[in-house]
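Asker: Fold the following for me, if possible:
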Amino acid sequence: MNPSILESLLKSVQTGSTSIANALEQLRTLPYEDLGFAKLDHHRTLRHGSPEVILCEGKTEKQIVTLTRGLLKHKQPVLATRADPSVARALKRVSRKAVYHQSARVVVIQPSAPNPLQGDIVIVTAGTADIPVAEEAKVTAMTMGSAVETIFDVGVAGVHRLFDQVDRLQRARVVIVVAGMDGVLPSVVGGLVQTPLIAVPTSRGYGAHFGGLAPLLTMLNTCSGGIGVVNIDNGFGAGHLAHRINALVDRP
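Answerer: A predicted model of the protein is given here:
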């Protein structure tokens with residue numbers, strides 16, 4: 001349950017406008033709702049600030065729709081990742097507010113007007129082929145409440161393109177660097193900025209690339225300090241982590 005919704009419910013009980021019995025009915029499915037095939041976690045927002053996310057891969061369309069309806073029933077925003085176009089169409093039938101970010105393969109449903117975006121995350125890609133993973137990170141962080149800017153195609157094959165962006169990178173609160181191939185871009189950027197940096201290896205590249213394992217190992221072996229590495233093609237994980245770092249600055 002959204003913290004603001006829960007606070008409103010408790011205040012209405014306090015003032016007598018909502019009965020205890022009615023409040024208990026609204027809280028009946030907390031902390032989670034057992035759907036048989038899944039246990040939908042309605043307390044996740046209260047614990048760490050973000051609602052449960054639906055990973056669409058491996059789930060049936062019916063299961064995804066049921067999970068989406070469960071989140072919306074509790075006024076939670078929906079972030080459905082790795083969604084193909086047929087899933088997006090199904091979720092648009094659930095809610096007219098559903099927005100499909102095709103490049104990111106993410107569906108977002110905001111049941112109410114979101115708060116203004118906060119902070120400053122910059123996402124950088126080595127090449128154009130890395131954009132879908134970067135977009136997944138972007139949509140994730142923005143849905144959670146962070147302001148995001150993207151800088152595409154500034155890999156080390158033409159490193160002068162990166163140097164033109166150094167001032168912008170140095171002003172960011174968090175930087176995400178997405179790269180395939182040899183995966184060296186995070187190390188280069190890490191040597192130019194003092195902000196926390198999240199490296200994302202992608203499964204894009206020629207030859208002995210091993211589905212992203214080569215850039216993953218390069219990033220894990222970086223000589224630049226202050227870099228964290230997420231798994232191959234894990235734009236969602238990078239966006240979520242970047243948002244949590246970004247949000248710390250505004251925490252009272």
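Asker: next structured bit after the helix or strand hosting residue 150?
Answerer: Secondary-structure assignment from DSSP states H and E places residue 150 in strand 146-151. Downstream of strand 146-151, the first helix or strand assigned by DSSP H and E is helix 160-163.
Asker: for that next one, packing partners?
Answerer: The elements that helix 160-163 packs onto, with contact taken as 3 or more CB pairs under 8 Å, 6 or more residues apart in numbering; DSSP states H and E, are helix 185-190. C-beta coordinates here come from the backbone N, C-alpha and C atoms, glycine included.
Asker: Pull out the buried residues from the very next helix or strand once past the helix it packs on.
Answerer: Downstream of helix 185-190, the first helix or strand assigned by DSSP H and E is strand 197-201. Residues 197, 198, 199, 200, 201 are the ones in strand 197-201 that count as buried (16 or more other CB atoms under 10 Å).
Asker: what are the pairing partners of the longest strand that the chain contains, and which direction each?
Answerer: Of all the segments of type strand in the chain, defined by DSSP state E, the longest one is strand 118-125. Partners of strand 118-125 in the sheet, by DSSP bridges, are strand 146-151 (parallel), strand 174-179 (parallel).
Asker: Make CSV from those strands and add mean neighbour count and mean pLDDT to it.
Answerer: Below are the strands paired with strand 118-125 laid out as CSV (neighbours: other CB atoms under 10 Å; pLDDT from 0 to 100):
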stretch, mean neighbour count, mean pLDDT
strand 146-151, 18, 96
strand 174-179, 30, 97
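Asker: Out of those strands, flag the one nearest residue 235.
Answerer: strand 174-179 (7.2 Å; CB to CB).
Asker: outside of that closest one, which residues touch it?
Answerer: 119-127, 130, 133-134, 137, 155, 169, 185-186, 189-190, 193, 195-202, 215, 219, 235, 238-239, 242, 245-246 (CB atoms under 8 Å, 6 or more residues apart in numbering).
Asker: thinking again about what came up before, right, so of the strands paired with strand 118-125, which gets closest to residue 20?
Answerer: Judged by CB to CB, the one of those that comes nearest to residue 20 is strand 146-151, at 38.0 Å.
Asker: which outside residues touch that closest one?
Answerer: 117-125, 134-135, 138, 141-142, 165, 168-169, 172, 242-243, 246-247.
Asker: Stretch 198-213 now?
Answerer: Contacts to stretch 198-213, defined as CB under 8 Å, 6+ apart, come from residues 127, 129-130, 133-134, 137, 174-183, 186, 214-216, 218-219, 222, 227-235, 238, 241-242.
Asker: mind running it again at 6 Å?
Answerer: Residues outside stretch 198-213 that contact it (CB atoms under 6 Å, 6 or more residues apart in numbering) are 129-130, 133, 176-178, 180-181, 183, 186, 215-216, 219, 227-230, 232-233, 238, 241-242.
Asker: out of those, which are inside helices?
Answerer: 133, 186, 215, 216, 219, 238, 241, 242 (DSSP state H).
Asker: For those, please prepare CSV with the additional fields distance to residue 63, pLDDT and neighbour count.
Answerer: Listed next are the ones in helices among the contacts of stretch 198-213 as CSV, based on distance: CB to CB, whole Å; pLDDT from 0 to 100; neighbours: other CB atoms under 10 Å:
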residue, distance to residue 63, pLDDT, neighbour count
133, 25, 97, 31
186, 36, 96, 28
215, 33, 95, 30
216, 30, 96, 22
219, 34, 95, 25
238, 26, 98, 30
241, 27, 96, 20
242, 29, 96, 31
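Asker: For residue 38, state which of these is nearest.
Answerer: Nearest member of the ones in helices among the contacts of stretch 198-213 to residue 38, counting by CB to CB, is residue 241, at 23.9 Å.
Asker: Now do the contacts for the closest one.
Answerer: Residues near residue 241 by CB under 6 Å, 6+ apart: residue 198.
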